[in-house]
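K.L.:
Provided below for reference: sequence and predicted model.
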Amino acid sequence: MPMKMHYKGACSCNHWQLEIKVDKPLSKFNPRVCDCDYCLSHPSRIISDPNMRIELVGAEVFISQTGDQLANFYYCNQCHDLLVVGCHLNGQLRGAVNSDLLHCSDQLDEPIQIQPKLLSSSEKLERWGSLWGVLHGVS
């Protein structure tokens, strides 16, 4: 079993702390930048891996959803930074983390553009199920 690497981060106001545990170094992750209208108005770069464990510690979040109502976007209720995006898949809360909040985000590989608006709802859920990690600390 590969050794887990730990990376920490926080939102701008430090109201939320986060830690990810992954099997590979950050240099192997290409942050994804979505081109949908919602994400263009709330820019972030997200990373995920099916073996990633995302731990969040904080108090209150603001939850928003996009037009298709499939995923929840979790924001700090103080500074309004996007923390994670997630949804329940097969009875488990899965998600992707905003890599801009990681203290060592400069170690990440080059970002790539994604176009989930071209996918059907079932294709999105299938894709997220194969890409997103396990999310803890929000519901």
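P.N.:
Nice, I can see it. Residues are numbered from 1 along each chain as shown.
K.L.:
in the chain, which helix or strand is least confident?
P.N.:
When each helix and strand of the chain is scored by mean pLDDT, DSSP states H and E, helix 37-41 comes last, with a mean of 80.
K.L.:
next SSE after that one?
P.N.:
strand 46-47 (DSSP states H and E).
K.L.:
got a list of contacts for that next one?
P.N.:
20, 26, 29-32, 34, 85, 96-99, 108 (C-beta atoms under 8 Å, 6 or more residues apart in numbering). Where you see a C-beta, it was placed from the backbone N, CA and C, and this is true even at glycine.
K.L.:
ditto for stretch 30-40
P.N.:
Contacts for stretch 30-40 (C-beta under 8 Å, 6+ apart): 43-47, 66-67, 73, 96, 99, 108-117.
K.L.:
one step back: so which of the contacts of strand 46-47 are in helices?
P.N.:
Among the contacts of strand 46-47, none falls in helices (DSSP state H).
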